[in-house]
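*Asks:* Sequence and predicted structure are below.
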Protein chains: 2
Amino acid sequence: MKAEIITIGDEILIGQIVDTNSAWMAEQLNLNGIEVYQVTSVHDDHKHIMQALADAESRVDLVLITGGLGPTKDDITKKCLCEYFECSMHSDEQTLQAVIDRFAKRNIPVNQLNRDQALVPDACTVLPNKNGTAPGMWFEKKDTIFVSMPGVPYEMMGIMEEEVLPRLRKTGKVKSIYHQTALVYGIGESTLAEILEAWENSLPPFIKLAYLPNQLMVRLRLSAYGTNMEQLKQTVEQKMQELVQIVPDNIFGYNDDTMSVITGKLVQKTGSMIAVAESCTGGNIAHLYTEIPGSSNYFRGGVVAYSNEVKMAILGVKEETLKAHGAVSKETALEMVAGVKKALGAEYGIATTGIAGPDGGSDEKPVGTVWIAVSGKKDTLVECYRFYHNRARNIERASQTALNMLRQLLVFELK
Amino acid sequence: MKAEIITIGDEILIGQIVDTNSAWMAEQLNLNGIEVYQVTSVHDDHKHIMQALADAESRVDLVLITGGLGPTKDDITKKCLCEYFECSMHSDEQTLQAVIDRFAKRNIPVNQLNRDQALVPDACTVLPNKNGTAPGMWFEKKDTIFVSMPGVPYEMMGIMEEEVLPRLRKTGKVKSIYHQTALVYGIGESTLAEILEAWENSLPPFIKLAYLPNQLMVRLRLSAYGTNMEQLKQTVEQKMQELVQIVPDNIFGYNDDTMSVITGKLVQKTGSMIAVAESCTGGNIAHLYTEIPGSSNYFRGGVVAYSNEVKMAILGVKEETLKAHGAVSKETALEMVAGVKKALGAEYGIATTGIAGPDGGSDEKPVGTVWIAVSGKKDTLVECYRFYHNRARNIERASQTALNMLRQLLVFELK
């Protein structure tokens, strides 16, 4: 089964929002063995929507549509769907009742625009929306299934999980796909491609290899397509094992693993705790840990020491150190990491201090200069990095680099 | 001038990455008066890419293509472009020299795959890439301009800013567009639509209104299209003023304003500092402040008190308070906010303590329960919220709500 995702709404086309819905839907479809052939974003414009529906019908077996279902004037998806499926609208009783109940619970009066959310094209099967007022709608036309859903992410997700995916699995038309991704640190894309050339050429034709580089690492994804899931899985796992033998020291994780999850698991194994002292990363490393469910088992807390006063008062950095070497220095980073371990009672510590930019740089310490210290039960590592000139990237890169330093220290200590 | 963005690469279609490039490009094009008609994401597949190029040529005057320019086997964009523009490839001397210099600087040997990055179709004008090895390529075919760029975000951004946008402005084909967005807090989309109906109907036909709701607010965007920029600007500004008079208490900002920027500016005005004590938001509020350039002028720092030990040791929360009321309580939130103001020496404080989930809830305090306290020079506010069951959303929502409470306190104190 091949799918196309159509997002409707001007907000993506003027760049006001990033299209996270399509990525999520694509992932879910792939996990369910449905290949996404194309993603198309179009305006809230009648002619354009009609054209996009017809084009998609000619290309694929499944069309997932999001957006344009709000109660306001600029949302015209339902009208277009009625025209496309040559039908009228009626008020769906169950949906109307759900809207009324929803507003009653919150003591808000129901207006006509809210009631109109229950209007649905006669040709559709209504898919209940537990998280909002606009229901999902399921249509079939010849051999193509069309599903329209609201653009609000958690409403769309609820309808996908509870209605759309179970129904699609029941069609029996889904092909098997199996993906595995290895996360490779410390080798660039082209060097890696040279090293892996012979192995890559040995892959069977039903397995595809993709290089997905970002600033910090290269993700190597193996995708196998076929009908026999067991065989796909076995072949991919075997090829992954071969890969590990070719670059044993550079693969640090798989699939959705992150540096924070990996280091967290390693620390938890030892029954210890992590504390972080952040100057230039400003709370981002703490956030990367605390967004993980259950992280309180190994993450004690952190101090965002955004000023020298906090570095001294809470972390015990000495005034002489700051005067002699500056806040962005090896000596300050070392005192910060020792200080946060002590103040928060943790066995493992991370400290960052640097110039995130765009201002604050000097010839000696340009924007992007970051000192990072990590410290464990026995060892302490400290390094100076020179990142680039973009504040957001410097924060992200310094955070990931600090986590990787902790990972290296942990791997070494646990050997 | 109408544009289409084509992204090439399997990673978007399997949901492994979110397409942030298109949002950024769309925003830049709109700011330069170029309307984005469609965004299309296609596979690294020869036939599919050729079809997408032809379709786009039939629809628009400008086609921006990203992705598929890496040195590895799965990247086939250049071959497709040669075929589409009926030409061969040659090695571009300047690009080759740039690749060689780049590797020399880092002491990495240049391999053949790297050298091949300098191969470009004969039909293109080469656009230098300061941040990577794959150059941008500019083609013209009849009345349509095609530009191909790498998919790595900062490489694409550099080529757009330094090469593509200046060249587009020189074509003289760009239409004027003027956008203004008001940020509305505390009224739902459909209630707002009712209140604004008469005003909305009074808008001239060249102005479009869009409702862009998210979990926290509704963004109301006015877009004016035409030829006379001064007139567009004047009419939009006037309509915005009318809007402010209709919902004076609910508009808290404009365009890209965020709660952290707004509260930061207000605090800076008073010459004071902010400190944050975060339990369930885990460093996210500190991150929202520290990602703003210059935030050290008003942000002192924070404590991520992810365990009771840290709440007591650093913030001075009393053991009896934790025992009698629990960590997630009004009393703890109040002691945290008082404690962080004192410990970090700040006039304004924010404290959060709650159950982000998915575990840790009880009947009395279900997942999503969050106590937030904010405190200023004279007043302290404390509130209990019940959010939902998704960890990431609870963290984001609690953070934004806390910032909004501080905003309300500041507005009140500064009256």
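*Replies:* Perfect, I can see it now.

*Asks:* For the rest of this, base every contact and every neighbour count on C-alpha atoms.
*Replies:* Noted.

*Asks:* What residues sit buried inside the longest helix along chain A?
*Replies:* Using DSSP state H, we find that the single longest helix of chain A is helix A:391-413. For helix A:391-413, burial by neighbour count (16 or more other Cα atoms under 10 Å in any protein chain shown) applies to A:391-410.

*Asks:* Now do it: distance to the chain's middle.
*Replies:* With Cα atoms, centre = their mean, to the nearest Å as the basis, helix A:391-413 stands 18 Å off its chain's centre.

*Asks:* Next one: it, is it in contact with chain B?
*Replies:* Yes. Residues of helix A:391-413 contacting chain B under Cα under 8 Å from any Cα of the partner chain: A:Arg391, A:Ala392, A:Ile395.

*Asks:* between the residues you listed, which is nearest B:Leu183?
*Replies:* Nearest to B:Leu183 among the residues of helix A:391-413 next to chain B: A:Ala392, at 23.6 Å, using Cα to Cα.

*Asks:* Apart from its neighbours in sequence, what residue is nearest that closest one?
*Replies:* Nearest non-adjacent residue to A:Ala392, counting by Cα to Cα, 6 or more residues apart in numbering or on different chains: B:Glu291, 6.5 Å away.

*Asks:* okay, now that neighbour: neighbour count?
*Replies:* Neighbour count of B:Glu291, defined by other Cα atoms under 10 Å in any protein chain shown: 21.

*Asks:* Who are the contact partners of it?
*Replies:* For B:Glu291, the contacting residues are A:Gly282, A:Arg391, A:Ala392, A:Ile395, by Cα atoms under 8 Å, 6 or more residues apart in numbering or on different chains.

*Asks:* mind checking the backbone torsions on it?
*Replies:* phi -80, psi -10 (degrees, to the nearest 10).

*Asks:* From A:Val304, how far out is it?
*Replies:* As judged by Cα to Cα, to the nearest Å, B:Glu291 and A:Val304 stand 13 Å apart.

*Asks:* who touches both of the two?
*Replies:* Joint contacts of B:Glu291 and A:Val304 (Cα under 8 Å, 6+ apart) are A:Gly282.

*Asks:* so for the longest helix of chain A, what's the average pLDDT?
*Replies:* Mean pLDDT, computed over helix A:391-413, is 93.

*Asks:* And for stretch A:224-244?
*Replies:* Mean predicted confidence for stretch A:224-244 is 92.

*Asks:* What are the buried residues along that stretch?
*Replies:* Residues of stretch A:224-244 classed as buried by neighbour count (16+ other Cα under 10 Å): A:Ala224, A:Tyr225, A:Met229, A:Leu232, A:Lys233, A:Thr235, A:Val236, A:Lys239, A:Met240, A:Leu243.

*Asks:* hmm, back to that, CA atoms of the longest helix of chain A as CSV?
*Replies:* Output of helix A:391-413 as CSV, limited to C-alpha atoms (Å, rounded to 0.1, in the frame of the first residue of the first chain):
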residue,chain,number,x,y,z
ARG,A,391,23.5,30.8,19.2
ALA,A,392,20.9,28.0,18.9
ARG,A,393,23.3,25.7,17.2
ASN,A,394,26.1,26.4,19.7
ILE,A,395,23.7,25.6,22.6
GLU,A,396,22.6,22.3,20.9
ARG,A,397,26.1,21.3,19.9
ALA,A,398,27.6,22.1,23.2
SER,A,399,24.9,20.1,25.0
GLN,A,400,25.3,17.0,22.7
THR,A,401,29.1,17.2,23.0
ALA,A,402,28.9,17.4,26.8
LEU,A,403,26.6,14.3,26.9
ASN,A,404,29.0,12.5,24.6
MET,A,405,32.0,13.3,26.8
LEU,A,406,30.0,11.8,29.8
ARG,A,407,29.2,8.8,27.6
GLN,A,408,32.9,8.3,26.9
LEU,A,409,33.8,8.7,30.5
LEU,A,410,31.2,6.1,31.5
VAL,A,411,32.2,3.6,28.9
PHE,A,412,35.8,3.9,30.1
GLU,A,413,34.9,3.7,33.8
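
*Asks:* In terms of secondary structure, what does it contact?
*Replies:* helix A:259-269, helix A:284-290, strand A:348-354, strand A:369-375, strand A:380-386 (3 or more Cα pairs under 8 Å, 6 or more residues apart in numbering or on different chains; DSSP states H and E).

*Asks:* Could you export those to JSON lines, including columns for distance to B:Arg59 and mean neighbour count?
*Replies:* Formatted as JSON lines, the helices and strands packed on helix A:391-413 follow (distance: least, Cα to Cα, whole Å; neighbours: other Cα atoms under 10 Å in any protein chain shown):
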{"stretch": "helix A:259-269", "distance to B:Arg59": "44", "mean neighbour count": "19"}
{"stretch": "helix A:284-290", "distance to B:Arg59": "43", "mean neighbour count": "26"}
{"stretch": "strand A:348-354", "distance to B:Arg59": "48", "mean neighbour count": "30"}
{"stretch": "strand A:369-375", "distance to B:Arg59": "47", "mean neighbour count": "27"}
{"stretch": "strand A:380-386", "distance to B:Arg59": "45", "mean neighbour count": "16"}
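
*Asks:* Would you mind saying which of those lies nearest B:Trp24?
*Replies:* It's helix A:284-290; of these, that one is closest to B:Trp24 (Cα to Cα) at 22.7 Å.

*Asks:* hang on, the earlier thing: now tabulate the contacts of B:Glu291 in a markdown table and tack on distance to B:Leu414.
*Replies:* Formatted as a markdown table, these follow (distance: Cα to Cα, whole Å):
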| residue | distance to B:Leu414 |
| --- | --- |
| A:Gly282 | 28 |
| A:Arg391 | 31 |
| A:Ala392 | 31 |
| A:Ile395 | 33 |
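
*Asks:* And those, which is closest to A:Met259?
*Replies:* Closest to A:Met259, out of all of the contacts of B:Glu291 and judged by Cα to Cα, is A:Ile395, at 15.0 Å.
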